[in-house]
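Visitor: here is a sequence together with a model predicted from it:
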Amino acid sequence: MSKIRVFKCSEIYQPAYQWFNQQFPSCRNLSYADHFSLLMQQRIQWSDFWKRHLEGTGHFVVEEILRNAPEIQAKWASENGFKWAEGNKAEIEIVIAQAREFKPDVFFAHSFPTYSPELITRLRREVPSIRIVIGWDGIAHCNPSMFSGRDIMFTCADFISQHYRDLGLKAFTIPFAFDAIILEELGECKIRESPSFLGTLHLGGRGHNERTRMLHEIQKKSDYGLDLYVSMPKCRVREGLRVGLGYFRRFEWDVLPKAFGLFNKSLGSRFGLDMFRAFAESPLTLNAHIDAAGSFAGNIRLFDATGSGTCLVTDHKNNLNQFFDIDREIVTFKNHEECIEKVNWLMNHEENRLAIAHAGQKRTLREHSYHNRLKLVAEILTEALN
């Protein structure tokens, strides 16, 4: 039986990509393969976890690309004799050429904004080997028109999957996870004195408004301070002008000065192994989901933090007990005051805090690993193609 060929087309968070280019300026002299490999070794986002664990089953061949890493993509085009015109369409033309050469059975459109129904139709026409197109909704877009043309939807939470199932689509929940190789690459870490928060403050709409308010209160009232490692995307004024005044009416203006205050106190953004090291060095770390998540948990920080070995203090969600034993493996809060109280208590009770951190890490390594997640993906794809 021939192996299933999976083409995973992702995008990289641009601040992380800019950080990588600054850290490794000599990468411009590397070949496509070496340049891409060096980036994967930084363990940014999903890194090469899909490829390693699917191919580890012995039944898959996986090609991964980053459609919005222009220097890397241009190297592939140059090395493979592919001529392209400069401009916004170049990245799409290169992706199609890469898929055409790889001849996949499965096209995983992990980079959701790029793939319109018209482009999916073109992909199927120009790459006839494609039998299944998979979409990904990892932040509760719950927008079927955005994912038109997909045969299967993968999501990070059951409530998102159920939304697509209710519309008649095949949808499966593949929660975020952690890979134990990160611990091997981190080595020993020295614990810092203050709690931490690592992440983004994405304002407007159903973004990180409540997260911003929570962090604002914590950094003011915690007895131990707060080490902030935050990034704040540029204000989307152009999008507001394009969509109309409704965008600005939905903007929760009280969070803007709070967000700028937090950003000004940030120790800088952390990505990849640097991010995991900051988690591992934290006595405890905070988490608050995007507003769009509603009463459901499932963001990647749940597993990044616990896997790294820190004590996680996160906002209460109805389904958290599906992932962790509350107050034994993680700690939750329902409001700002409770969060502050629990943070101060944990910082004053090191033995309890370390026990929770250890139990949470043990649970993540045992159940919430990319090995386990990709085993489920392998089963879904094998069944879908048979």
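Guide: Cool, the structure landed.
Visitor: Ala33 in helix, strand or coil?
Guide: helix (DSSP: H, G, I helix; E, B strand; the rest coil).
Visitor: show me the strands in the stretch 251-386 of the chain, by range?
Guide: Ranges of strands in the stretch 251-386 of the chain, per DSSP state E, counting those that start in this stretch, are 284-287, 311-315, 331-333.
Visitor: would you turn the ones you listed into CSV with mean pLDDT, mean neighbour count and distance to Ala278?
Guide: Where C-beta positions appear, they are placed from N, C-alpha and C, glycine not excepted. Listed next are the strands of the stretch 251-386 of the chain as CSV, based on pLDDT from 0 to 100; neighbours: other CB atoms under 10 Å; distance: least, CB to CB, whole Å:
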stretch, mean pLDDT, mean neighbour count, distance to Ala278
strand 284-287, 98, 25, 8
strand 311-315, 98, 25, 14
strand 331-333, 98, 21, 19
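Visitor: let me have those strands in CSV, adding distance to Val106 as columns.
Guide: Output for those, formatted as CSV (distance: least, CB to CB, whole Å):
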stretch, distance to Val106
strand 284-287, 32
strand 311-315, 33
strand 331-333, 37
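Visitor: figure out which of these is closest to His53.
Guide: strand 311-315 (23.8 Å; CB to CB).
Visitor: partner strands of that closest one, parallel or antiparallel?
Guide: Strand 311-315 sits in its sheet next to strand 284-287 (parallel), strand 331-333 (parallel), going by DSSP bridges.
Visitor: can I get it in PDB, CA atoms only?
Guide: Taking Å, rounded to 0.1, in the frame of the first residue of the first chain, the C-alpha atoms of strand 311-315 are listed here in PDB:
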ATOM      1  CA  CYS A 311       2.100  26.300  37.200                       C
ATOM      2  CA  LEU A 312      -0.800  27.500  35.000                       C
ATOM      3  CA  VAL A 313      -3.400  29.900  36.300                       C
ATOM      4  CA  THR A 314      -6.100  30.300  33.700                       C
ATOM      5  CA  ASP A 315      -9.600  31.700  33.200                       C
END
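Visitor: run through who's touching it.
Guide: Strand 311-315 is contacted from outside by 195, 210, 214, 283-289, 297, 301-302, 305-306, 320, 330-334, 339, 342-343, 346, 353-354, 356-357, 360, using CB atoms under 8 Å, 6 or more residues apart in numbering.
Visitor: buried only: go through the residues you listed for me.
Guide: 195, 210, 214, 283-289, 297, 301-302, 305-306, 320, 330-333, 339, 342-343, 346, 353-354, 356-357, 360 (16 or more other CB atoms under 10 Å).
Visitor: in helices, which of the residues you listed appear?
Guide: 210, 214, 301-302, 305-306, 339, 342-343, 346, 353-354, 356-357, 360 (DSSP state H).
Visitor: how about the helices in the stretch 101-250 of the chain?
Guide: 117-126, 158-166, 181-186, 209-221, 237-243, 245-250 (DSSP state H, counting those that start in this stretch).
Visitor: pull the distance from stretch 174-182 to the chain's centre.
Guide: 11 Å (CA atoms, centre = their mean, to the nearest Å).
Visitor: report the buried residues of that stretch.
Guide: Buried-residue list, stretch 174-182, by 16+ other CB under 10 Å: Ile174, Pro175, Phe176, Ala177, Phe178, Asp179, Ile182.
Visitor: equivalent analysis for stretch 46-61, please.
Guide: Counting neighbours by 16+ other CB under 10 Å, stretch 46-61 gives 46-55, 57, 60-61 as buried.
Visitor: look up how far Lys3 lies from Ala378.
Guide: 11 Å (CB to CB, to the nearest Å).
Visitor: pretty sure His368 contacts Asp179?
Guide: No. Taking CB atoms under 8 Å as the definition, His368 is not a contact partner of Asp179, at 10.3 Å.
Visitor: ok but Glu63 is inside a helix, no?
Guide: No. Using three-state DSSP, the assignment for Glu63 is strand, not a helix.
Visitor: and it, how many neighbours?
Guide: Residues contacting Glu63 under the criterion other CB atoms under 10 Å number 16.
Visitor: what does the one 5 residues further on give?
Guide: A count of neighbours around Asn68, defined by other CB under 10 Å, yields 17.
Visitor: domain ranges for this structure, per the record?
Guide: 4-177+369-385, 181-367 (automatic domain parsing).
Visitor: where among those domains is the average confidence lowest?
Guide: Comparing mean pLDDT across the domains of the chain, the weakest is domain 181-367, with a mean of 89.
Visitor: can you pick out the most distant pair from the buried residues of stretch 174-182?
Guide: Ile174 and Ile182 (18.9 Å).
Visitor: ok, Glu91 - contacts?
Guide: Arg67, Asn68, Pro70, Gln73, Thr114.
Visitor: centroid residue for the chain?
Guide: Gln45 (5.3 Å; CA atoms, centre = their mean).
Visitor: that residue touches Glu11, doesn't it?
Guide: No. Proximity of Gln45 to Glu11 does not meet the contact threshold set by CB under 8 Å, at 9.1 Å.
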